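Peer 1: Provided below are the primary sequence and the corresponding predicted coordinates.
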Amino acid sequence: MIKKQGGLKLQKYNLMEAKQKAENYCSYRERSQQEVKEKLYDWGIPSEGVNEIIAELITENYLNERRFAEGYARGKFNLNGWGKIKITYGLRGKGITENLIKHALAQIEQASYLEKLQDILLKKDKQLKDSDAYIRKMKLARFAASRGFESTFIFELLEDIQAG
């Protein structure tokens with residue numbers, strides 16, 4: 001049923017319909033509890049109903065925060081080239097607990113992490129036109145930091161790149 005509120009159309013579903021839609025929503029890709037709650041509220045479900053549906057989705061394994069956090073971290077690292085700092089902020093924004101964030105970040109192997117950072121730095125280095133070594137180094141450091149990599153790793157690798 002569609003209700004109008006303040007000129008906007010609000011979709012209203014009963015709990016069974018909302019649960020079915022939430023199952024489909026979670027089946028499409030991994031979701032955080034926060035994302036599903038927001039969607040349920042958008043569909044006009046009252047908070048008691050939202051909590052009930054979330055509990056059922058967890059019981060039926062449609063929702064799993066650990067699985068979501070691992071997939072999010074893996075995807076953002078592999079596909080987007082994000083560092084651990086940026087991934088952490090992204091997961092916090094999705095309402096993931098610190099313990100699960102630490103667990104998800106631990107799934108990223110240190111060697112792969114440093115290799116990804118080095119690839120990003122080398123690729124960016126080729127794009128820079130500055131001839132001054134200090135300016136290049138600072139631009140590369142800022143770029144890598146904006147991708148969420150830790151400064152200790154950035155400067156370590158920049159020393160290796162400039163030495164080699």
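Peer 2: Noted; the coordinates are in hand.

Peer 1: nearest residue to residue 73 other than its sequence neighbours?
Peer 2: In space, and not counting its chain neighbours, residue 73 is closest to residue 104: 4.0 Å by Cβ to Cβ, 6 or more residues apart in numbering. C-betas here are computed from N, CA, C, even on glycine.

Peer 1: does that neighbour sit in a helix, a strand or a coil?
Peer 2: Under DSSP: H, G, I helix; E, B strand; the rest coil, residue 104 falls in the helix class.

Peer 1: That one: how many residues sit nearby?
Peer 2: The number of residues packed near residue 104 is 26, by other Cβ atoms under 10 Å.

Peer 1: try the one 5 residues further on
Peer 2: Burial of residue 109, expressed as a neighbour count using other Cβ under 10 Å, amounts to 10.

Peer 1: Check the gap between it and residue 74 for me.
Peer 2: 11 Å (Cβ to Cβ, to the nearest Å).

Peer 1: same check, this time on residue 63
Peer 2: According to Cβ to Cβ, residue 63 and residue 74 sit 18 Å apart.

Peer 1: Looking at those two, which is more packed in?
Peer 2: A direct count of neighbours by other Cβ under 10 Å for residue 63 and residue 74 places residue 63 higher, at 23 against 14.

Peer 1: Look at that one and report its pLDDT.
Peer 2: We have a pLDDT of 96 for residue 63.

Peer 1: Now do the contacts for the residue nearest to it when sequence neighbours are not counted.
Peer 2: Distances taken as Cβ to Cβ, 6+ apart put residue 57 closest to residue 63, at 4.3 Å, once the chain neighbours are dropped. Residues counted as contacts of residue 57 (Cβ atoms under 8 Å, 6 or more residues apart in numbering) are 19, 22-23, 26, 36, 63.

Peer 1: Which element, helix or strand, includes residue 57?
Peer 2: Assigned by DSSP states H and E, residue 57 belongs to helix 47-59.

Peer 1: so how far is that helix from its chain's centroid?
Peer 2: In terms of Cα atoms, centre = their mean, to the nearest Å, the centre of helix 47-59 is found 23 Å from the chain centre.

Peer 1: quick one: the very next helix or strand once past it to helix 47-59, angle?
Peer 2: Downstream of helix 47-59, the next assigned helix or strand under DSSP H and E is helix 65-78. With axes from the mean of the first three to the mean of the last three Cα atoms, to 10 degrees defining the directions, helix 65-78 sits at 80 degrees from helix 47-59.
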